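# how would this look folded up:
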Amino acid sequence: MDVGRYLVEAHLREGRPIAELARVHGVHRSWLYKLLGRYRREGEAGLVPRSRRPRRSPGAMAPEVDEAIVRVRARLLEEGFDAGALTIQWHLERERGASPSTSSIWRLLRRRGLVIPEPRKRPHSSFIRFEAELPNQLWQTDATHWELADSKPCEILNYLDDHSRVCLGSVPHPTVKAADVVVDFHQAASRAGYPAALLSDNGAVFSGASRNGKVLIELELERLGIAGKHSRPYHPQTCGKVERFHQTQKRWLAKQPAAASLEELQSQLDRFRFHYNLHRPHRALGRKTPQEVWDAKVKAGPGAAAPPVHYRVRYDTVDRLGKVTLRYDSKLRHIGLGARHRGKAIVLFVADREVRIVTEDGELLRQLTLDPTRDYQRQSA
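As a prediction, the model looks like this:
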């Protein structure tokens, strides 16, 4: 028996006052009077719990908008593209001139059973990420494996601009060789101009450090005055943008007819590069396409002026060993201050590599220029 029936029976059969019943059982008198009135008009049917859903929803999406969302999602999935709420909204705005919010689109997809809610992922704020300030300030490159229609393996060499995520080149090879890296690099540069720096992992075609020498691309970068950078061993996160691009690219390729030759695969890669650069909104770019971000700023290049100085102010406390940490160039540096300062509240004034550490009262404890080759910044004798 629900509480409504109980209270109505108690009032009618025992004669208990409405106010008393409401007070004792923690309900509002107006609700109890409404329930009693329904019982007198409708009998037992008046006590059946009723839906509180509004009779109409003026702000609800029109059926044709619902169908448009489902249609756009189906089309994107069929073509192998991203089909999340953000991408659907981007396409609807361009096709219809307006679109519901991403949260409304997501709720519709969940209601239709087209998406399955996932556990909350790691928050973006927990990631330590970097991004070049200008297009062509830094490129990322890497090769990834793929198979042709006859299961014959091949490799795809990709070049990606770090700032805009523009795909500058995507070329298949039976196996990527050192000379291929140089040829594809010049081909990408013919479209976009040469970058100020190139970042890669420590693969044999990108780095000769493991053999105490240099490979072709490193020699070519030196000749052009371009900085060559490599990620730390077993740390693919440094090249995370091009690694993530591989996933998006392969997801699209998997939806296409398997290419019978490298020439056919190249044609597919060119079509994907065109769509990725010009027609795919990127979450990390504030819903802009890579090409829009690329076009919005001047381009860096070899020997370009240094980017603007990064200024930071950080509040911290000296640890029990007399040190304080500071992240520079994506690595955590330890700065020694001495055990006599442990537990002391401090302020760090950082201008790129120039660091001044003072107390909250303004007393200068240490001033230094960070040595990027060392994790621990010793105090001078």
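
# from here on, contacts and neighbour counts on C-alpha atoms
Fine.

# all strands for this structure, in order.
Counting by DSSP state E, one finds strands in the chain at the ranges 139-147, 153-161, 167-173, 197-200, 227-230, 311-317, 323-328, 331-336, 345-351, 354-359, 364-369, 376-377.

# Ok, which of those comes nearest K297?
Closest of the strands of the chain to K297 is strand 153-161, at 13.0 Å (criterion: Cα to Cα).

# could you say what helices and strands that closest one packs with?
Judged by 3 or more Cα pairs under 8 Å, 6 or more residues apart in numbering; DSSP states H and E, strand 153-161 is in contact with strand 139-147, strand 167-173, helix 178-192, helix 240-254.

# circling back: adding distance to G240 and mean neighbour count, write the strands of the chain out as a markdown table.
Converted to a markdown table, the strands of the chain look like this (distance: least, Cα to Cα, whole Å; neighbours: other Cα atoms under 10 Å):
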| stretch | distance to G240 | mean neighbour count |
| --- | --- | --- |
| strand 139-147 | 9 | 22 |
| strand 153-161 | 11 | 22 |
| strand 167-173 | 14 | 22 |
| strand 197-200 | 10 | 22 |
| strand 227-230 | 12 | 18 |
| strand 311-317 | 25 | 13 |
| strand 323-328 | 18 | 17 |
| strand 331-336 | 15 | 17 |
| strand 345-351 | 26 | 18 |
| strand 354-359 | 28 | 18 |
| strand 364-369 | 29 | 14 |
| strand 376-377 | 26 | 18 |
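
# hmm, back to that, can you check which of the helices and strands packed on strand 153-161 gets nearest to L76?
Closest among those, once you apply Cα to Cα, is helix 240-254, at 9.9 Å.

# Any buried residues in the closest one, and which?
241-243, 245-246, 248-253 (16 or more other Cα atoms under 10 Å).

# low pLDDT regions in this structure?
Within the chain, the ranges that satisfy pLDDT under 70 run 1, 118-129, 236, 284-285, 304-309, 381.

# Helices of that one, start to end?
With DSSP state H, the ranges of helices along the chain come out as 3-14, 18-25, 29-42, 63-79, 85-96, 102-111, 178-192, 216-224, 240-254, 262-279, 290-295.

# Let me have the buried residues of helix 240-254 in CSV, adding distance to D295 as columns.
Shown next, in CSV, are these (distance: Cα to Cα, whole Å):
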residue, distance to D295
K241, 19
V242, 20
E243, 23
F245, 20
H246, 23
T248, 22
Q249, 22
K250, 26
R251, 27
W252, 25
L253, 27
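
# just those now: which is nearest V358?
Of all the buried residues of helix 240-254, K241 has the smallest distance to V358: 37.1 Å, by Cα to Cα.

# so I335 makes contact with R374?
No - in this structure I335 lies outside contact range of R374 using Cα atoms under 8 Å: 10.3 Å.

# Put together TSV for the helices and strands packed on strand 153-161, with distance to R56 on each row.
Written out in TSV, the entries for those read as follows (distance: least, Cα to Cα, whole Å):
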stretch	distance to R56
strand 139-147	53
strand 167-173	48
helix 178-192	55
helix 240-254	42
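
# how about the ones you listed, which one is nearest R5?
For these, proximity to R5 was assessed by Cα to Cα; helix 240-254 is nearest, at 58.0 Å.

# From the chain's centroid, how far away is the closest one?
Here helix 240-254 is found 14 Å from its chain centre; the criterion is Cα atoms, centre = their mean, to the nearest Å.

# same thing with stretch 197-217?
For stretch 197-217, the separation from the chain centroid amounts to 28 Å (computed by Cα atoms, centre = their mean).

# Ok, stretch 275-295 next?
Averaging C-alpha positions (Cα atoms, centre = their mean) puts stretch 275-295 13 Å from its chain's average.

# Residues contacting it, please?
Residues outside stretch 275-295 that contact it (Cα atoms under 8 Å, 6 or more residues apart in numbering): 86-87, 90, 135, 163-167.

# How about stretch 247-258?
The contact list for stretch 247-258, computed with Cα under 8 Å, 6+ apart, reads 78-82, 148-149, 268, 272.

# Would you point out the most distant pair within these?
D82 and A149 (23.8 Å).

# Please say which of those two ends up with more neighbours.
A count of neighbours by other Cα atoms under 10 Å puts D82 above the other of D82 and A149, at 18 against 12.

# Wait, that one touches L76, no?
Yes - counting by Cα under 8 Å, L76 is a contact partner of D82 at 6.5 Å.

# and which of the buried residues of helix 240-254 is nearest G113?
The closest of the buried residues of helix 240-254 to G113 turns out to be R251 (Cα to Cα; 21.8 Å).

# Does A149 touch A259 like I think?
Yes - using Cα under 8 Å, A149 is in contact with A259, at 5.5 Å.

# Tell me how many other residues crowd K288.
Neighbour count of K288, defined by other Cα under 10 Å: 18.

# Please report how far I116 lies from R55.
Distance, I116 to R55, using Cα to Cα, to the nearest Å: 29 Å.

# what do you get for L332?
From L332 to R55 the distance is 59 Å (Cα to Cα).

# just R327 next, same as before
57 Å.

# Tell me the buried residues in stretch 60-80?
Neighbour-count burial for stretch 60-80, counted by 16+ other Cα under 10 Å, picks out 66, 68-70, 72-73, 76, 80.

# Great, nothing more from me.
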